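S.K.: okay, sequence plus prediction incoming.
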Amino acid sequence: MNEQAELLIRSLRIDWAAVADDSYLRGIGALAGLQEMQFRKPVTFFAGENGSGKSTLLEAIAIAYGFNPEGGTRNYQFSTYDSHSGLCEALHLTKGVRRAEWGYFLRAESFYNVATAEEAYSMLSNRGPEYYHRRSHGESFLKLLQSNFRENGIYLLDEPEAALSPQRQLTLLLEIARCVKAGAQFFIATHSPILLGLPDAEILCFDDTGIRPCAYEDTESYQVTKMFLEHRGAVLRQLEIL
């Protein structure tokens with residue numbers, strides 16, 4: 001069986017007839033021309049500038065798969081603010097032959113709400129509450145992910161580096177690699193040059209012209225970080241900071 005057939009989500013299709021003519025979704029350059037997308041690797045990164053459509057597509061995939069729009073597992077049903085787009089209603093997923101045994105949708109922007117819900121839900125389980133609000137933001141972020149990463153699971157992470165130091169991003173990288181070896185699949189929207197460096201992942205770059213596969217070294221996250229580290233003085237002078 002080939003690698004794609006082993007994936008939990010193999011492809012997606014967008015029915016634009018189900019999107020209103022005046023929807024802002026039609027104005028997102030990366031998404032406007034998207035009809036179909038095939039996934040080829042257990043880890044797919046969405047890379048690109050703010051507002052390029054990465055999180056919008058990731059969110060739509062998560063909701064179409066059955067996750068709560070604000071994040072959490074597929075068992076979470078809470079809602080504090082309805083901010084998701086209607087793209088999920090026009091998006092159709094093709095699943096693989098395997099069934100996911102677990103999964104998690106992480107949205108950095110709604111982490112506080114999810115952490116609150118986590119405590120309430122965990123009180124009803126045998127494991128007991130984790131008390132994420134009693135930890136630092138970064139510690140609770142990483143602990144939540146580590147507690148929910150399991151083999152043969154589907155994980156959608158929106159900017160998981162938001163609360164993590166570079167060292168903790170390396171820890172997360174290790175956790176992702178471990179889960180992939182155990183049959184998990186990840187979709188990750190990120191600006192982190194550390195996470196994007198995961199070997200054998202597919203990186204999809206979003207911009208106004210569309211979505212295209214790109215090499216790690218061709219991502220803006222890598223290029224800008226490399227330029228700053230190697231030519232910090234020149235960059236700061238160009239910005240008129242020095």
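M.R.: Cool, got the structure.
S.K.: mind listing what's buried in stretch 22-32?
M.R.: Buried residues in stretch 22-32, counted by 16 or more other CB atoms under 10 Å: 25, 28, 30-31. Quick note: C-beta positions are derived from backbone N, CA and C, even for glycine.
S.K.: with stretch 44-57 instead?
M.R.: For stretch 44-57, the neighbour count (16+ other CB under 10 Å) marks 44-48, 52-57 as buried.
S.K.: farthest-separated two in the buried residues of stretch 22-32?
M.R.: Leu25 and Ala30 (10.7 Å; CB to CB).
S.K.: could you point out the helix or strand that follows the lowest-mean-pLDDT helix or strand in the chain?
M.R.: Least confident element among the helices and strands of the chain, by mean pLDDT, DSSP states H and E: helix 111-122 (a mean of 64). Stepping forward along the backbone from helix 111-122, the first helix or strand reached (DSSP states H and E) is helix 137-148.
S.K.: who are the packing partners of that next one?
M.R.: Helices and strands touching helix 137-148, by 3 or more CB pairs under 8 Å, 6 or more residues apart in numbering; DSSP states H and E, are strand 102-107, helix 111-122, helix 166-181.
S.K.: and Ser192, which of the three is it?
M.R.: Classification of Ser192 by DSSP: H, G, I helix; E, B strand; the rest coil places it in coil.
S.K.: and Cys205, by the same measure?
M.R.: Assigned with three-state DSSP, Cys205 falls in the strand class.
S.K.: make sure it is actually in contact with Glu49.
M.R.: No. With contact taken as CB atoms under 8 Å, Cys205 and Glu49 are classed as non-touching, separated by 9.7 Å.
S.K.: poorly predicted segments of the protein, please.
M.R.: The model of the chain has pLDDT under 70 over residues 1-5, 76-85, 108-137.
S.K.: go again with 90.
M.R.: Along the chain, segments meeting pLDDT under 90 span 1-6, 33, 68-86, 99, 106-151, 162-163, 240, 242.
S.K.: what distance do you get for His231 to Thr225?
M.R.: 11 Å (CB to CB, to the nearest Å).
S.K.: more crowded one of those two?
M.R.: Under the neighbour definition other CB atoms under 10 Å, His231 and Thr225 were set side by side, and Thr225 has more, 16 against 12.
S.K.: leaving out the residues flanking it, which one is nearest to Glu220?
M.R.: With CB to CB, 6 or more residues apart in numbering as the criterion, Glu220 has its nearest non-adjacent residue at 6.8 Å, and that residue is Glu49.
S.K.: for that neighbour, give me phi and psi.
M.R.: In this entry, Glu49 is assigned phi and psi values of phi -70, psi 160 (degrees, to the nearest 10).
S.K.: for it, give me its contacts.
M.R.: The neighbourhood of Glu49, defined by CB atoms under 8 Å, 6 or more residues apart in numbering, consists of 206-207, 220.
S.K.: ok, of the residues you listed, which one's closest to Asp21?
M.R.: For the contacts of Glu49, the closest approach to Asp21 (CB to CB) belongs to Phe206, at 22.8 Å.
S.K.: so how far is Ala30 from the closest residue to the closest one other than its chain neighbours?
M.R.: Computed as CB to CB, 6+ apart, the closest residue to Phe206 that is not its neighbour in sequence is Gly48, at 3.4 Å. In this structure, Gly48 and Ala30 are 7 Å apart, going by CB to CB.
S.K.: any shared contact partners between the two?
M.R.: Taking CB under 8 Å, 6+ apart as the contact criterion, the residues that touch both Gly48 and Ala30 are 54, 206-207.
S.K.: quick one: the residues you listed as CSV, columns for distance to Arg40 too.
M.R.: As requested, the shared contacts of Gly48 and Ala30 are exported to CSV (distance: CB to CB, whole Å):
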residue, distance to Arg40
Lys54, 18
Phe206, 17
Asp207, 20
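S.K.: all set now, cheers.
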